[in-house]
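Trainee: after the sequence you'll find the predicted model.
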Amino acid sequence: MAPKYSDDSPSPLSDPQAYELPLNQAGTIGVGAERINDAMSETADSALPKLRARYLWVIYIAQLTLYIAWIVPIAFSLAIRVDQIAPDNRDSILALAVGLPGLFVVIGTPLVGIFSDRTRSRFGRRRPWLLLGSFLGLVGSAVIALTGDVAGLIVGWCIAYTGYGIAASMINTHLGDNLPAVQRGRVMGILGATTQIAPILGVAVAGSMASSPIALFLLPATIAFVGGLFFVVIMRDPQVTTPRPALRLSKVFEGFYFNPRRYPNLAWVWISKACVFLAISMAGLYGVYLLSSRLGLTTAEVGGVVALAGLMGVGAGILGAIGSGYLSDKLKTRKPFLVFSAVAIGVSMVITGTSATLVQYIVGAVVLSLSIGVYGAVDQALALDVLPRDTDENGRFLAIIGIGSTLPQAIGPFAAGFALALGSGNYTVVYIVGAVIAVCGALFIIPITAGRRADLETHSIQVMG
């Protein structure tokens, strides 16, 4: 069912740069599911030499420490810090603090990739940007830990979040530069699991440090900086002496749009993906406040519940990714799995939003993780199925599809805050609205003509006119 590629055109399935950056804890399940599912796929050999195990372990550690410092604040720490600084306006401020830096990363990450390609430093192309990202993450986290006002918190997280986004992008890009095809499945599968495990470890520890802003933010940021710095030191990133690629704004902007009338299948994939990830983003914003206000849990207890739900969710997410990836290939169909998972995401949000007991909340979280695991594994496969065959721009189209997940995740906190305002502060309203959006995402999958209903060699046809 996969699209055909010429011999000199790399398959995006094996290109680590094609993976999307998660902008919340639930998003890590989706990205991890894609990588775990791809680890089960056969990959062709390449001319690149294999990376040694010791080198890969340094990358794994850098990724683990990065995701602890990057995702844990969104899942737990920022909500606690906002409640400490501005308890009366915590809902709107949290939405602003989480959503604003997400917009920076969505716009800035592709630009950083372009500028890193043009870097001709004697320290390499990726190393300077990785160091910059790690440093910004540390500085921004320090600002959050030491500030006592809302403006400082928002500015600090914008700096830190941008830095972590740059660092994650450079790790992925470095793998794209150096990881041979024969190792990509296994390595990306391990990294996929790492992205899911890291936030759980971080939240479990953060719950016991909630009373100390310095420990809550500066400690994980320092660990991430040390992990990133260690990788920077041993990173194999030689100086590039070839002429810089031409920088044309028209080419940059082409990476953000396509003609939906010409490629309708691609358009349906994009809009359905956007709806699903918008719902996922809304699901993850107010969980801490829901647990503390409705179930009367202390901060430490909330941290324990979030970590427990996350741990159970990782197992469910991995199960969903492996099971759906295998079955969708076996049955040669994607759409039923995507429709099921999008509807199940909506169901999980209703379960969570109406939680009256701890068990109900955990059940909702596990169903959400299972659904995202199914969606993340099969969604990427369908995206590859509908890539236009009349062009040689797989990287560009995959980048645009990636925006279908990252942009809604950045907008999601604002949408959640708006829904909460309409619901007069009732968190259940946020989850119900998110559930409706997820179901819309399922409906938008139905018009896609892929799999058994279409010619298996081309799923994204041109529509003239």
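Mentor: Structure received. Numbers count the residues shown, from 1 in each chain.

Trainee: state the helix or strand in which the closest residue to Ala410 other than its chain neighbours lies.
Mentor: Distances taken as C-beta to C-beta, 6 or more residues apart in numbering place Gly102 nearest to Ala410, at 3.1 Å, with adjacent residues excluded. Where C-beta positions appear, they are placed from N, C-alpha and C, glycine not excepted. Element membership for Gly102 (DSSP states H and E) is helix 90-118.

Trainee: give me the helices and strands touching the next helix or strand after that helix, please.
Mentor: Per DSSP H and E, the first helix or strand lying C-terminal to helix 90-118 is helix 127-146. The contact analysis (3 or more C-beta pairs under 8 Å, 6 or more residues apart in numbering; DSSP states H and E) places helix 127-146 against helix 53-72, helix 90-118, helix 150-178, helix 213, helix 219-234.

Trainee: go again using 10 Å as the cut-off
Mentor: Other elements packing on helix 127-146 under the criterion 3 or more C-beta pairs under 10 Å, 6 or more residues apart in numbering; DSSP states H and E are helix 53-72, helix 78-85, helix 90-118, helix 150-178, helix 213, helix 219-234.

Trainee: would you tell me which helix is longest in the protein?
Mentor: helix 299-331 (DSSP state H).

Trainee: what residues sit buried inside it?
Mentor: For helix 299-331, the neighbour count (16 or more other C-beta atoms under 10 Å) marks 299, 302-314, 316-318, 320-325, 328-329 as buried.

Trainee: kindly report the same for stretch 339-352.
Mentor: Buried, per 16+ other C-beta under 10 Å, within stretch 339-352: 339-352.

Trainee: before we move on, back to that, starting at the chain centroid, how far to the helix holding Gly102?
Mentor: 12 Å (C-alpha atoms, centre = their mean, to the nearest Å).

Trainee: what bits of the stretch 351-465 of the chain have low per-residue confidence?
Mentor: 389-396, 450-465 (pLDDT under 70).

Trainee: quick one: contacts for Lys273?
Mentor: Lys273 makes contact with 20, 30, 338, 342, 375, 379-380, 382-383, 401-405, 408, 441, 444-445 under the criterion C-beta atoms under 10 Å, 6 or more residues apart in numbering.

Trainee: and Ile437, by the same measure?
Mentor: Residues in contact with Ile437, defined by C-beta under 10 Å, 6+ apart, are 274-282, 342, 345-346, 349, 408, 412, 415, 419.

Trainee: next up, identify which helix or strand it is on.
Mentor: Per DSSP H and E: helix 427-445 holds Ile437.

Trainee: got the end-to-end distance for stretch 79-93?
Mentor: Terminal residues of stretch 79-93 lie 9 Å apart, using C-alpha to C-alpha, to the nearest Å.

Trainee: buried residues in it, which are they?
Mentor: 79-86, 90-91, 93.

Trainee: shaky segments in the stretch 1-150 of the chain?
Mentor: 1-25, 37-47.

Trainee: again, only using 50
Mentor: Residues of the stretch 1-150 of the chain meeting the criterion pLDDT under 50: 1-19.

Trainee: which elements pack onto the helix holding Gly102?
Mentor: The contact analysis (3+ C-beta pairs under 10 Å, 6+ apart) places helix 90-118 against helix 78-85, helix 127-146, helix 150-178, helix 249-254, helix 264-283, helix 287-294, helix 394-422, helix 427-445.

Trainee: for the first one, what is the distance to the chain centroid?
Mentor: Put plainly, it is helix 78-85. 23 Å.

Trainee: what packs against it?
Mentor: helix 90-118, helix 127-146, helix 150-178, helix 213, helix 287-294, helix 299-331.

Trainee: so which of these gets nearest Arg186?
Mentor: Closest of the helices and strands packed on helix 78-85 to Arg186 is helix 150-178, at 12.2 Å (criterion: C-beta to C-beta).

Trainee: and whichever helix or strand comes after that closest one, what's buried?
Mentor: Where DSSP H and E defines the elements, the next helix or strand beyond helix 150-178 is helix 181-206. Neighbour-count burial for helix 181-206 flags 181, 183-185, 187-206 (criterion: 16+ other C-beta under 10 Å).

Trainee: helix/strand/coil for Leu48?
Mentor: Judged by DSSP: H, G, I helix; E, B strand; the rest coil, the three-state class of Leu48 is coil.

Trainee: residues touching Gly99, list them.
Mentor: Per C-beta under 10 Å, 6+ apart, neighbours of Gly99: 23, 281, 285, 409-417.

Trainee: ok, now Ser355?
Mentor: Contacts of Ser355 by C-beta under 10 Å, 6+ apart are 287, 290-291, 294-295, 361-365, 427-428, 431.

Trainee: next up, phi/psi of it, please.
Mentor: phi -60, psi 130 (degrees, to the nearest 10).

Trainee: distance of it from Asp83?
Mentor: Distance, Ser355 to Asp83, using C-beta to C-beta, to the nearest Å: 19 Å.

Trainee: make TSV from the buried residues of stretch 339-352 and add distance to Val139 to it.
Mentor: Listed next are the buried residues of stretch 339-352 as TSV, based on distance: C-beta to C-beta, whole Å:
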residue	distance to Val139
Val339	44
Phe340	44
Ser341	39
Ala342	39
Val343	43
Ala344	40
Ile345	36
Gly346	39
Val347	42
Ser348	37
Met349	35
Val350	41
Ile351	40
Thr352	35
